[in-house]
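Engineer: Structure for the following, please:
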Amino acid sequence: MANIKSQIKRNKTNEVRRLRNKSVRSELKTRIKSAVAAVENQEDSSVEAIKSAVRRLDKAASAGVIHKNQASRRKGRLMVRLAKIAREQSQS
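Structural biologist: Take a look at the predicted model:
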């Protein structure tokens with residue numbers, strides 16, 4: 001444990017940010033999973049689920065929880081995955 005007062009304060013703020021980031025990342029995973037599941041099941045709310053996932057990714061990037069390039073990469077991968085599912089469903 002740190003003896004320096006400023007480092008003790010820093011440790012507290014780091015812990016608060018870590019917990020916030022943890023909850024945001026968890027929500028990101030949930031939104032992405034629900035978007036993929038909605039498209040796979042051809043639900044009416046699939047477009048809304050995708051928009052919600054993309055919006056949360058953008059918010060996380062702007063808040064500094066994840067890097068903006070990581071957000072962009074995740075959005076791209078999500079869109080590729082959804083396009084692949086849509087293509088498979090249209091062929092069958």
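Engineer: Look at the residue nearest in space to the middle of the chain and tell me its secondary structure.
Structural biologist: Centrality entry for the chain: nearest residue to the mean C-alpha point is Leu28, 2.7 Å, by CA atoms, centre = their mean. The three-state assignment at Leu28 reads helix, by DSSP: H, G, I helix; E, B strand; the rest coil.
Engineer: quick one, what contacts it?
Structural biologist: By CB atoms under 8 Å, 6 or more residues apart in numbering, the residues touching Leu28 are 53, 56-57, 60, 66, 74. For the C-beta atoms, the positions are set from N, CA and C on the backbone; glycine is no exception.
Engineer: And the strands in this structure?
Structural biologist: Using DSSP state E, the chain contains no strands.
Engineer: quick one: the helices in it?
Structural biologist: Along the chain, counting by DSSP state H, helices occupy 5-40, 46-63, 68-91.
Engineer: Can you give me every residue that contacts the nearest residue to Arg81 once chain neighbours are set aside?
Structural biologist: Among residues not flanking Arg81 along the chain, Val36 sits closest, at 6.3 Å (CB to CB, 6 or more residues apart in numbering). Going by CB under 8 Å, 6+ apart, Val36 touches 78, 81-82, 85.
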